[in-house]
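> here you go, sequence then predicted model.
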Amino acid sequence: MDKYYNNIKNLIENNIVEIKKQEFSINNHTLITYFNIGKLLVQAQGGKKRAKYGDNLIKEYSRKLTREFGKGYNYTNLKNMRSLYLIFEKSRTVCDQLTWSHYRYILPIKNESKRNYYINLAIENRLSVRQLINEIKNNSFERLIDNKKDIKLKYINNSNKNLTILDMIKDPILISIGNTKIDRLTEKALKKYILENIEKILLELGIGFCFVGSEQKIKVGNNYRYIDLVFFNYELNCFVLIELKINKLDIKDIGQLEFYVNYYDTEIKKSFHNPTLGIIICKKNDPNISKYINQNILVSSYELIRK
């Protein structure tokens, strides 16, 4: 009998025993089991280089294991277990904050930065499997505002993690308007839909965003001004101010937000906070204008979706 197959079978049987014990660390034990199954599959195929070619052995194992243990060990899942080992072999750690169901949708992603982005997003925002699927379906990574060719996102558990605002903000930002049959909103209505869907908007903005409030009042001389939306980002350790515009980007929009950002830096932020950031969310960006904006101001467009 094939020694690798027998070892895989033993791992599965031991994991079934642990699950029946209903221990607190069931998820962690299962992930470790699948990691080790992936390792044995690679070894059985003749090593890491050869494991990339020819999956006949995995097909053979999947037929046997499915007969003995059920469809959880089908061909696709065994390939994912092999990927789990190949991807996390160097770090030797698989984050047990995510379940195997999460990993099933993340592992097929070939681009390392894209894969790490969704791992980070799911961990930091405690995404359910359904929420994760929705983020992947909505091309959350592809909509990141930064140049995709230059993005080198690291796995969040990596000690060299250094996220920036460009790793988070998307373009366009998707705003759900339910079944409303309109294609154009007033700024007041746009703000209303954002506030009604604040949890989804936090995901759209990225990792670490906490909602502070809307229509935040500041006093300038004897007058009051109102900032559309204010957030704090605990990853970036700074306030993030958002102004909503229903038209194409205009120069005056930039001046207004720059004033608010400078006000917060002078009057609100503490010495231990990083400089305040501003985001203009408008119907359409104008690259001829936005290319001259200071680095503490970003521009993104929005897209209305009916969900």
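Thanks, I have the structure now.
> pLDDT wise, what is the residue nearest in space to the middle of the chain at?
Residue closest to the average C-alpha location in the chain (C-alpha atoms, centre = their mean): Leu121, at 2.7 Å. For Leu121, the pLDDT comes out at 87.
> does anything pack onto the helix or strand harbouring it? Which helices or strands?
Using DSSP states H and E, the element containing Leu121 is helix 112-124. Under the contact definition 3 or more C-beta pairs under 8 Å, 6 or more residues apart in numbering; DSSP states H and E, helix 112-124 sits against helix 100-106, helix 129-137. Bear in mind the C-beta positions are built from the backbone N, C-alpha and C, glycine included.
> how far off centre is the first one?
The reference is to helix 100-106. How far helix 100-106 lies from its chain's middle: 13 Å, per C-alpha atoms, centre = their mean, to the nearest Å.
> same check on stretch 238-254?
The mean C-alpha position of stretch 238-254 is separated from the chain mean by 24 Å, C-alpha atoms, centre = their mean.
> before we move on, what about stretch 289-306?
Distance, centroid of stretch 289-306 to centroid of chain: 20 Å (C-alpha atoms, centre = their mean).
> picking up where we left off before, in TSV: the helices and strands packed on helix 112-124, plus mean pLDDT.
As requested, the helices and strands packed on helix 112-124 are exported to TSV (pLDDT from 0 to 100):
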stretch	mean pLDDT
helix 100-106	94
helix 129-137	93
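> show me the shaky parts of the stretch 201-307 of the chain.
307 (pLDDT under 70).
> recalculate using a threshold of 90.
201-208, 220-221, 234-235, 246, 287, 290-295, 302-307 (pLDDT under 90).
> so which residues of it form strands?
209-220, 223-233, 238-248, 277-284, 297-305 (DSSP state E, counting those that start in this stretch).
> quick one: buried residues of the third one?
This points to strand 238-248. Cys238, Phe239, Val240, Leu241, Ile242, Glu243, Leu244, Lys245 (16 or more other C-beta atoms under 10 Å).
> repeat that for the longest one.
In terms of neighbour count (16+ other C-beta under 10 Å), strand 209-220 has its buried residues at Phe209, Phe211, Ser214, Gln216, Ile218.
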